[in-house]
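> give me coordinates for this.
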Amino acid sequence: MEVVNGSGGGSALDKVRGLLGGGGDGALSTAIWSIIALILTIIIGITSFEVVEPGQVAVKVNNLTGSTEPISQPGLVVKGPFGIQSVYIIDASPQTFVMKGNKNTDDLHVRELTVRASDGSNFLFNDTSIIFQVLGSKAVEVISDAGPGDDFRRWMRPLARSILRDEFGRESTISVSDPTNFGEATERARTRLNELLEPHGVVATKIVTPRPRFSEEYENVIEARNETDNQLSVIASELARAQTERDRTLAEVDRDQNKLIQERRAELEAELATSLATQADTKRLADTYRIDTVAKGQAAKSAAVRQAAELEGQLEANYLARKATIEAFQSQPVERVMKRLGEKLKGVTIDIHPWADDATPSRVRVEEVGGAR
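Numbering: from 1, shown residues only. Got it, this is the predicted structure:
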């Protein structure tokens, strides 16, 4: 046993040193050091790991070099002990920024949106929601620009309200009631909002806005206009249906008339073909008749020419014979001529009446008496 000198028995530090090996049992000292080492190991192990849950991203920062490393996969992240490295975890799940009610409650819940239209009228949105989230690939920008934690949410209030007011303020109270213009204004606002948020690692994925609310009088006017638009839609639908029916009827009439036209055309084409065939037959017969007739005419002409030539020769021969006979008679005495004439006039009675007392008459007239020739 250790003897403590003096009134206090030594300082506390001396007592600890004595317990850890200053004259005590060596086995006890080793056990105490082992326990201390185990505790330190557990402390270092606990402080050297961070857990990244699904829907979270992290940024590992080397505090000695200043380098950063984005981590987008969930799981355990190892960091250097004793402040050598730091890990900052950010919520990257989709979050909703809501503009609803009459007062601001936190960074994600603010008062409703009031807009002044281009024609000077005011309208408001009772419940406007913007769904946004952190881009995992730009977690470093989020930490650099907004700091650790959820400080990036504070960007939504000023940016969202001003941009939505600008884009919806371009519309008039009439055009903003049109769903088409309303959707275009919403998309323009989302595009502008992302132009400002994305460089800082945040993106707005969707903007949900209700139908704008106006004064009661204007709401009644809008309701009346909507009823009129509905009636116009019904009328347009009826007109479209009537046009469709008209087109169908015209198509049927055209089909029937085209059928009749085709049938009549087929009949006329058949008649034309028959007429052309008849014309060809008639022409062929006419050509045949012409050829035959011309051939017959040419043959008859040739025969007539030949016969005429023969008759001409015969007449020429008869003429020459007669001429020879006449010439022969002229050279013969009158007695022989009278004899021959008597032979020719045998059986013919000739009554001769002289016209003059000429012994040599110059003309003789023959008259038929009775039936003699």
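
> how about V140, what does it touch?
V59, T68, P70, G201 (C-beta atoms under 8 Å, 6 or more residues apart in numbering). (Glycine included, C-beta is placed from N, CA and C.)

> so it: helix, strand or coil?
State at V140, reduced to three classes by DSSP: H, G, I helix; E, B strand; the rest coil: helix.

> now it: how far from H200?
Remark: distance between V140 and H200 (C-beta to C-beta, to the nearest Å) = 11 Å.

> go on, A251?
From A251 to H200 the distance is 62 Å (C-beta to C-beta).

> those two: who's more crowded?
Ranked by neighbour count (other C-beta atoms under 10 Å), A251 and H200 place H200 first, with 17 against 10.

> look at the closest residue to F152 other than its chain neighbours and report its pLDDT.
Using C-beta to C-beta, 6 or more residues apart in numbering and skipping the chain neighbours, the partner closest in space to F152 is A146 (4.0 Å). If you check A146, the pLDDT there is 81.

> tell me the contacts of A146?
So A146 contacts F152, R154, W155, H200 (C-beta under 8 Å, 6+ apart).

> to what extent is the third one buried, counted in neighbours?
W155 is surrounded by 20 other residues when neighbours are defined as other C-beta under 10 Å.

> list the contacts for it?
Counted by C-beta under 8 Å, 6+ apart, W155 has contacts A146, L197, H200, V202.

> now do the second one
R154 makes contact with D107, A146, according to C-beta under 8 Å, 6+ apart.

> offset the numbering so it begins at 387, please.
With the count now opening at 387, the last piece we talked about shows up as R540.

> measure it to G441 for me?
R540 sits 20 Å away from G441, taking C-beta to C-beta as the criterion.

> one step back: nearest to P598, of the contacts of A532?
Proximity of those to P598 (C-beta to C-beta) peaks at W541, which lies at 25.0 Å.

> identify the farthest-apart pair in the contacts of V526.
T454 and G587 (12.4 Å).

> so which of those two has more stuff around it?
Neighbours were counted for T454 and for G587 using other C-beta under 10 Å; G587 has more, 25 against 16.

> pretty sure the more buried one is touching F518, no?
No. Counting by C-beta atoms under 8 Å, G587 stays clear of F518, with 11.0 Å between them.

> that older thread, as CSV, the contacts of A532 with pLDDT and distance to I475 would be great.
Output for the contacts of A532, formatted as CSV (pLDDT from 0 to 100; distance: C-beta to C-beta, whole Å):
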residue, pLDDT, distance to I475
F538, 85, 13
R540, 86, 18
W541, 85, 19
H586, 87, 18
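
> what is the nearest of these to N616?
Nearest member of the contacts of A532 to N616, counting by C-beta to C-beta, is W541, at 42.1 Å.

> which residue ranges make up each domain of the protein?
The record's domain parsing of the chain by automatic domain parsing lists 398-475, 480-600, 609-717, 719-759.

> returning to that earlier point: now the contacts of A532 as TSV including distance to N449?
Below are the contacts of A532 laid out as TSV (distance: C-beta to C-beta, whole Å):
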residue	distance to N449
F538	22
R540	26
W541	26
H586	23
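
> just flag the most distant two among those residues.
R540 and H586 (11.3 Å).

> ok so, going back, just the domains of the chain: most buried one?
domain 480-600 (a mean of 17; mean count of other C-beta atoms under 10 Å).

> which residues of the protein fall in helices?
Using DSSP state H, the helices of the chain run over residues 398-406, 412-433, 525-532, 542-555, 565-583, 602-717, 720-730.

> how about residues contacting stretch 483-492?
With C-beta under 8 Å, 6+ apart as the test, stretch 483-492 has contacts from 494-499, 511-518, 539, 542-543, 546-547.

> how does it look with 7 Å?
Here stretch 483-492 makes contact (C-beta atoms under 7 Å, 6 or more residues apart in numbering) with 494-499, 512-516, 518, 542, 546.

> now do the same end-to-end measure for that stretch.
10 Å (C-alpha to C-alpha, to the nearest Å).

> show me the shaky parts of the protein.
387-412, 414, 423-435, 461-469, 601-605, 608, 715, 718, 736-759 (pLDDT under 70).

> can you tell me which residues contact D531?
D531 neighbours (C-beta under 7 Å, 6+ apart): H586.
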